[in-house]
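**Q** following is a predicted model, sequence given first.
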Amino acid sequence: MHHGLNDVPRPNRRRRGVGGLLAMAAAAAVVLAGCSAPETSPAPREEEPTTLTLGVVGSLTSFNAASATGDTDANRAVAALLDEKLGSLDGNLQVVPNDGLGRITRVQGDPLKVSYELFSDRVWSDGTEVSLDDLLFGWAVSSHYFDDATYDASGQLVSGTRYFDTAAPADPNAATTRPSLDRANDTLTLTYAQPFADWNRQWLLDRPIHVVAQRAGVSVKDLVTAIMTTPAGDPAAPREPNPVLAAAAKVWNTGFDVAPGTTPDPAGVVSSGPWKVSAITDDTLELARRDSYQGGHFPGLESLKVRFFADRSAQLSAVEAGVVDVANVGDIDATELKTLTDAGLQVSTGPTTQTLQLRFADGTASALRQATTLSLDRSALVKDVLGDVRPDAQPLQSFLSSPATGQLYNDLVSGNGAPGTGSDVDGARSALDDRAAVLRVAYDSTDEVSSTVFARLVTMAAKAGIAVRAATVDDVPDATLAWVGEDESLYRSARDRIAEGVDGENTEELFDELTVHTDPVDVLSEAKEIDRSLFTAYAGVPLLERTGAVVAAAGVGGVTYTSEPNGVPPSFWIWSPPQS
């Protein structure tokens, strides 16, 4: 309720008078007693701002980590701090909606319609409102809706136009019609050409449209008009590039890059998250908490420093020396772990999304695939390779995911047809009818883990009469020890594994079915069937995953493990400095 001047409650005069009399009487008593006046209390100590330092490997080369030129570990770390979106990934790489900025809602399943709502009073760090125009621009960037480019076999542009040079290619299953805007309700709606399993990972918010427009020499209105009226691209009938879109794309592609030897003006870095850039030097980015931020990730810290290091060795040295308070130091060995813990540092280790799989070639006989699979004691293998750093590590039980995805992985491997984790030498010999066999395996001998695993494969398979040999450059390998990429969603990992040549009798058909599911329960069920088809065909043997490690200085609070290799530990807004 608003109070006018006359509505202000009046003080109780009687009580105030009594208090005054008591104070006077106390003062008189001091004088009468002949006591000296009390000593002046010390001035309150000025508290130093609460801050921490994050150590990152690499250098800052762009404030647009989504571009082809800006897609580096260091730039992505900065983006994780500055660029707020309508969703994020937690330490297990699962989607966490950002309810402090807006909401994403699946309105309809088929045809799939998804709405994006922005809450009012959310502003960029320069005070400009975060608006539907920003979401619309983000859609134009990520959808590649306007591209009409044709490429040759090497990926070079042959004809037409590719506007926004994103690091991630457009997903053909994510195609939508042009968005519809409801400005009265601050809502943008996408309608997909077909249901799409990863609809909740399309977050849209990108570079601020007003900054892109200003640097491109166009108005926001003209850019929005171009996005809403330019025809969809058709590689079969390329058009002259739209000049407004082309100008904006040029800015997006390279206009946020940091030229070597230059120091950008901090005021020119416009962020959507709770930090603003306060200072930039050659090896440090200083961030200050911004008071205008209205989202749900307001930090407990008042400032944060990001220190950049040339390599991991320099990063580790800085952590041990106390120069850095928080760091994702990646795959550590037992010696490094002991050094860090002996220095009094908090170290959290866990699985990452990088998994090692033994993959059989298409021409490898089914009996040899089965026999090799049965000959491997994967429990002993994991204990040998990972036991010193992660005593609780277990053999990998899926082609599509890893323990890095937390409960999702546990749900997936329950009933997905994964084999036992011990060896069955008699079963392996039986599969080969007790005949000797040779398995030529390609692997990266410069990778320490791959080399260790290969040596174990040689020993284990020999017990079943299988001679495992390193494939030479002239050999056609029977199998490959392959590190495979991120599996932050079941849809993406299934798509990528199939593209990499891992296939079963009906795997591609199962993937087509998975793609059009929009309910996570149905996606999980289909993923189990894909795993089952691969295990049934003895497509390969999932072995183990790389280890990650997050380090925090003694007393630093709120820092949790992240499964993302080189990623910033999640929930930086709850980090706290040591208590003095």
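**A** Everything's here; your move. Numbers count the residues shown, from 1 in each chain.

**Q** just the helices in the stretch 1-150 of the chain please.
**A** Taking DSSP state H, counting those that start in this stretch as the criterion, the stretch 1-150 of the chain carries its helices at 13-32, 73-82, 132-143.

**Q** what of the stretch 251-400 of the chain?
**A** 312-320, 334-342, 366-375, 378-386.

**Q** let me have those in CSV, extended by mean neighbour count and mean pLDDT.
**A** Glycine gets a C-beta too; all of them are placed from N, C-alpha and C. Listed next are these as CSV, based on neighbours: other Cβ atoms under 10 Å; pLDDT from 0 to 100:
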stretch, mean neighbour count, mean pLDDT
helix 312-320, 18, 96
helix 334-342, 14, 95
helix 366-375, 22, 96
helix 378-386, 18, 96
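
**Q** which of the helices of the stretch 1-150 of the chain has the lowest average pLDDT?
**A** Among the helices of the stretch 1-150 of the chain, helix 13-32 carries the lowest mean pLDDT, a mean of 36.

**Q** related to what we said a few turns ago, between the helices of the stretch 251-400 of the chain, which gets nearest to A153?
**A** helix 366-375 (31.4 Å; Cβ to Cβ).

**Q** quick revisit: which of the helices of the stretch 251-400 of the chain sits closest to S489?
**A** helix 378-386 (24.8 Å).

**Q** what does stretch 314-322 rub up against?
**A** Applying Cβ atoms under 8 Å, 6 or more residues apart in numbering, the external contacts of stretch 314-322 come out as 55-57, 307, 309, 324, 327, 329, 336, 339-340, 343, 345, 551, 553.

**Q** same thing with stretch 461-481?
**A** Residues outside stretch 461-481 that contact it (Cβ under 8 Å, 6+ apart): 356-361, 363-364, 368, 371-372, 374-376, 423, 425, 428-429, 432, 434-445, 450, 453-454, 457-458, 540.

**Q** mind listing what the residue lying closest to D283 once chain neighbours are set aside touches?
**A** Leaving aside its sequence neighbours, D283 sits nearest to F308 (Cβ to Cβ, 6 or more residues apart in numbering; 5.0 Å). F308 is in contact with 56-60, 74, 283-285, counting by Cβ under 8 Å, 6+ apart.

**Q** one more pass at 10 Å, please.
**A** 54-60, 74, 77-78, 281-285, 314-315 (Cβ atoms under 10 Å, 6 or more residues apart in numbering).

**Q** please narrow the residues you listed to those residing in strands.
**A** When DSSP state E defines the strands, the subset of these inside them is 54-57, 284-285.

**Q** quick one: which of the contacts of stretch 314-322 has the most company?
**A** Within the contacts of stretch 314-322, V551 tops the neighbour count with 29 neighbours, counted by other Cβ atoms under 10 Å.

**Q** give the rounded mean pLDDT of the host helix or strand of that residue.
**A** In the assignment (DSSP states H and E), V551 maps to strand 540-552. Average pLDDT, strand 540-552: 96.

**Q** now it and helix 334-342, what's the angle there?
**A** Orientation check (axes from the mean of the first three to the mean of the last three Cα atoms, to 10 degrees): strand 540-552 against helix 334-342 gives 30 degrees.

**Q** ok, strand 540-552: who's next to it in the sheet?
**A** As defined by DSSP bridges, the strand partners of strand 540-552 come to strand 326-328 (antiparallel), strand 346-360 (antiparallel).

**Q** how far is the shortest one from where the chain is centred?
**A** Averaged C-alpha coordinates place strand 326-328 at 15 Å from its chain's average position (Cα atoms, centre = their mean, to the nearest Å).

**Q** as a check, name the ranges of all strands in the stretch 401-550 of the chain.
**A** 437-442, 466-470, 479-484, 540-552 (DSSP state E, counting those that start in this stretch).

**Q** what's the neighbour count on R183?
**A** 10.

**Q** now do the contacts for it.
**A** 131-133.

**Q** in this protein, where is pLDDT below threshold?
**A** 1-49, 486-487 (pLDDT under 70).

**Q** at 80 what do you get?
**A** 1-49, 485-488, 501, 580 (pLDDT under 80).

**Q** please identify the buried residues of stretch 482-500?
**A** 482, 484, 486-495, 497-498 (16 or more other Cβ atoms under 10 Å).

**Q** for these, which one is nearest L82?
**A** L82 lies nearest to E488 out of the buried residues of stretch 482-500, by Cβ to Cβ, at 20.6 Å.
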